[in-house]
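A.B. asks: any chance you could fold what I've pasted below:
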Amino acid sequence: MVEHFITGLRLVEVRIPNYVIKGSAAQLECLYDLDGEALYSVKWYKDGNEFYRYVPRDMPPAQTFLLPGVKVDLHNSSDAIVTLRDVNLQSAGRFRCEVSGEAPSFQTVTEHGDMVVVSLPDQGPPKISGGRPRYQTGDWVRINCTAGRSKPAVDLSWFVNGEAVEPQKLRKYDSIVSGREGLETSVLGLQFRVEQKHFRNGDMKLKCVASLSTLYWRSNEESVEGDRPQKAPVLESRETVYASNSRADPRPSALLLVALAAVAALAGGGISVPQSINKDHQEDEKERKKQRKHEKNLNERVSGVELSELLACELLADFEGKSACQSSATRRQHRGVTVTAR
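C.D. replies: Modelled structure (predicted):
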């Protein structure tokens, strides 16, 4: 707001919009106070060239002058307001209002303001290029942010995890001008060495923001992962429990004890069986004698030692399953002996 205090005529305020979007309308205001004097004229200039004049005593009082980039909407213009329609990039410039009083003093007051016509980026949000999907501590981040063509060039800024990047980590480039209208492409680089603090919950967020005054604001964010250290393989220990079909009696069966004794004898050693257990299982001893009668059905080629192994195998089978028999059979095969059991 600019005020000039002059005896009689004074200029109260000149309002020129700082930014106007290309293709829209712009309203210029020139507010004055005659302080009892008569108005002679109100004139508007762009970059020193007159394009609008308002003289109350003329018919019609409003008059326009051709000027590139300036299209006056006469129906919405008066002595205090001038409306420009369909502004383009040529409409930008310095606008000045000049107010003059009537004779005999013809006092004149003037003030100006600058207007910028904005051509918004012709693409979507800014693009991030040069990045990798994963980083680890010690790596270098070297990426660029590129905005779409605009006029003037948009302002770019970088954020890492929501925090503004220090100036020393930025790489600035001159804007690229192209086309008849001189549209500009903004590019801003980001370069820094990755530290552990840059990862939050295993991720690092890199965001680029493109802005132009209060008229335009767009952003693009990429989330990259940090290489997590490989964990050492976990050796899982599983305990397998084999259940036997033994009776509830916790004492070892007589057949098992006999089998163990036979196996021990074959190995050249001996197992001492407690006397108390022998007494408890005399009945089982009689049963064992009966089983010996069936040994005649074995192949005559089987020696006494091999017969003992077979008996031990069969007796142990009730307790340990097939594993003992398979082991015994394997040993016999190594000796070249064939056993046929019935």
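A.B. asks: is it true that residue 177 touches residue 186?
C.D. replies: No. Counting by CB atoms under 8 Å, residue 177 does not reach residue 186; the two are 11.0 Å apart. Placement of C-beta: from N, CA and C, glycine included.
A.B. asks: and these two? which has more neighbours close in?
C.D. replies: residue 186 (24 against 13; other CB atoms under 10 Å).
A.B. asks: that one contacts residue 151, correct?
C.D. replies: No. Look at residue 186 against residue 151 with CB under 8 Å: they stay out of range, at 11.2 Å.
A.B. asks: what secondary structure does residue 168 sit in?
C.D. replies: Three states are possible here, and by DSSP: H, G, I helix; E, B strand; the rest coil the one that applies to residue 168 is helix.
A.B. asks: what number of residues lie near it?
C.D. replies: Residues lying near residue 168 (other CB under 10 Å) number 7.
A.B. asks: surely residue 41 meets residue 57?
C.D. replies: No. Proximity of residue 41 to residue 57 does not meet the contact threshold set by CB under 8 Å, at 9.3 Å.
A.B. asks: and the two? Which one has more around it.
C.D. replies: It is residue 41, of residue 41 and residue 57, that has more neighbours when counted by other CB under 10 Å, with 19 against 10.
A.B. asks: which residues does that one bridge with?
C.D. replies: In this structure, residue 41 has the following beta-bridge partners (DSSP bridges): residue 100.
A.B. asks: ok, it - contacts?
C.D. replies: Contacts of residue 41 were listed using CB atoms under 8 Å, 6 or more residues apart in numbering, and they are 53-55, 98-100.
A.B. asks: pretty sure residue 118 sits against residue 183.
C.D. replies: No. Contact criterion CB under 8 Å: residue 118 and residue 183 do not qualify, at 11.2 Å.
A.B. asks: quick check: neighbours shared by those two?
C.D. replies: When CB under 8 Å, 6+ apart defines a contact, the residues bordering residue 118 and residue 183 alike are 150-151.
A.B. asks: any low-confidence regions in the stretch 151-300 of the chain?
C.D. replies: 228-300 (pLDDT under 70).
A.B. asks: my read: residue 124 touches residue 219, true?
C.D. replies: No. Counting by CB under 8 Å, no contact exists between residue 124 and residue 219, whose distance comes to 11.0 Å.
A.B. asks: who's more crowded, the two?
C.D. replies: A count of neighbours by other CB under 10 Å puts residue 219 above the other of residue 124 and residue 219, at 14 against 9.
A.B. asks: leaving out the residues flanking it, which one is nearest to residue 135?
C.D. replies: The spatial neighbour of residue 135 that comes closest, neighbours along the chain excluded (CB to CB, 6 or more residues apart in numbering), is residue 194 at 4.9 Å.
A.B. asks: give me the neighbour count for that neighbour.
C.D. replies: Residues near residue 194, counting by other CB under 10 Å, number 17.
A.B. asks: how about residue 40?
C.D. replies: So residue 40, with other CB under 10 Å, has 18 neighbours.
A.B. asks: can you check residue 54 too?
C.D. replies: Neighbours around residue 54, by other CB under 10 Å: 22.
A.B. asks: and it, what does it touch?
C.D. replies: Applying CB under 8 Å, 6+ apart, the residues contacting residue 54 are 41-43, 61-63, 77-79.
A.B. asks: show me the domain layout of this protein.
C.D. replies: In the assignment given by automatic domain parsing, the structural domains of the chain cover 10-118, 127-226, 254-335.
A.B. asks: tell me what the helix or strand harbouring residue 118 is packed against?
C.D. replies: Following DSSP states H and E, one finds residue 118 within strand 108-118. The criterion is 3 or more CB pairs under 8 Å, 6 or more residues apart in numbering; DSSP states H and E, and the helices and strands that strand 108-118 contacts are strand 10-15, strand 19-21, strand 26-33, strand 93-101.
A.B. asks: deepest of those strands, which one?
C.D. replies: strand 93-101 (a mean of 21; mean count of other CB atoms under 10 Å).
A.B. asks: remind me what that strand packs against, helices and strands.
C.D. replies: Using 3+ CB pairs under 8 Å, 6+ apart as the contact criterion, the neighbours of strand 93-101 among helices and strands are strand 10-15, strand 26-33, strand 39-46, strand 108-118.
A.B. asks: now do it, average pLDDT.
C.D. replies: Mean pLDDT, taken over the full extent of strand 93-101, equals 97.
A.B. asks: and stretch 121-137, by the same measure?
C.D. replies: pLDDT averaged over stretch 121-137 gives 92.
A.B. asks: tell me the buried residues in stretch 205-212?
C.D. replies: Within stretch 205-212, the residues that qualify as buried by neighbour count (16 or more other CB atoms under 10 Å) are 205-210, 212.
A.B. asks: closest one of those residues to residue 110?
C.D. replies: Within the set of the buried residues of stretch 205-212, residue 212 lies nearest residue 110; the separation is 30.1 Å, counting by CB to CB.
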